[in-house]
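> coords below, sequence missing:
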C-alpha cells in the first residue's frame, strides 16, 4: 500500500459524503484521481520538515488532492462537499471535547495544555509564525501571521479550502461549556493574521 493510499483510507468521511452527493461510479473515479494527485504532490514536495509534515501529509495535501479531483468530476458540487463533510467531522470532535470539558478541573487543564500544544503544533517548526501574548490567568491568546495551510493550498491552486480549515476551529472549540473561543479574522479569509483567544468564562 502506498503512502497516498494509506492516508486516503483515513478520509472515509469525505468519501461517504461524495457517495451521497455524486451518483453512479464517479466516486470511484474521484478516489482514483485523488490517489494519483496525492502521489504526485508527495513527489513534488519531497521531504518536508518533520514539524510541517503532520499538517501537510494528514490534512493539507489529501484535502487538496480530493478537492481538485472533485472539481474535475463535479465542479458545481466540489466545494460544498468539502465544506459539509469537514464541518460535520469537526462538530463531532467538538461534541466529544465538550463532554470532557464538563469534567471538574478539565477547563484549567485544557487551557494550560492549549498553550504548550500550540507552541509545539502551531509554532515555527511546524511552518507557522506566531505572536504569543502574556495573558492573565484563565486566558490564552496568540496571533498566527504565517500558516502552512494558506501557503500550500494556495500553491496547489485551491486557496479557497483554507477557510474551511479555519472554520473547523469554530466547530471544534466554539461551543465548549465554560470556555469562550474568540477569533475575529483569519489569513484564509483575507485577514492579516488569525487571532486566537480562549478563556475560561467567569461566573
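Ah, there it is. Quantities reported herein were computed from a predicted structural model and do not represent experimental measurements. Residues are numbered from 1 along each chain as shown.

> can we go C-alpha only for contacts and neighbour counts from here?
OK.

> quick one: residue 194 from residue 79, how far?
22 Å (CA to CA, to the nearest Å).

> and residue 69, by the same measure?
Taking CA to CA, one finds residue 69 at 11 Å from residue 79.

> which of these two has more neighbours?
Each of residue 69 and residue 79 has its neighbours counted (other CA atoms under 10 Å); residue 69 has more, 23 against 17.

> now residue 179: phi and psi?
Per-residue torsions, residue 179: phi -130, psi 140 (degrees, to the nearest 10).

> any idea what it is bridged to?
residue 200 (DSSP bridges).

> give the contact list for it.
107, 198-201 (CA atoms under 8 Å, 6 or more residues apart in numbering).

> same question for residue 133.
Counted by CA under 8 Å, 6+ apart, residue 133 has contacts 140-142.

> cool, residue 47 as well?
Per CA under 8 Å, 6+ apart, neighbours of residue 47: none.

> measure it to residue 140 for me?
In terms of CA to CA, residue 47 sits 33 Å off from residue 140.

> and for residue 180?
10 Å.

> can you work out which residues contact both of these two?
197-199.

> how about these in a markdown table, adding distance to residue 22, pLDDT and neighbour count?
Listed next are the shared contacts of residue 180 and residue 140 as a markdown table, based on distance: CA to CA, whole Å; pLDDT from 0 to 100; neighbours: other CA atoms under 10 Å:
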| residue | distance to residue 22 | pLDDT | neighbour count |
| --- | --- | --- | --- |
| 197 | 39 | 94 | 17 |
| 198 | 39 | 94 | 20 |
| 199 | 42 | 94 | 20 |
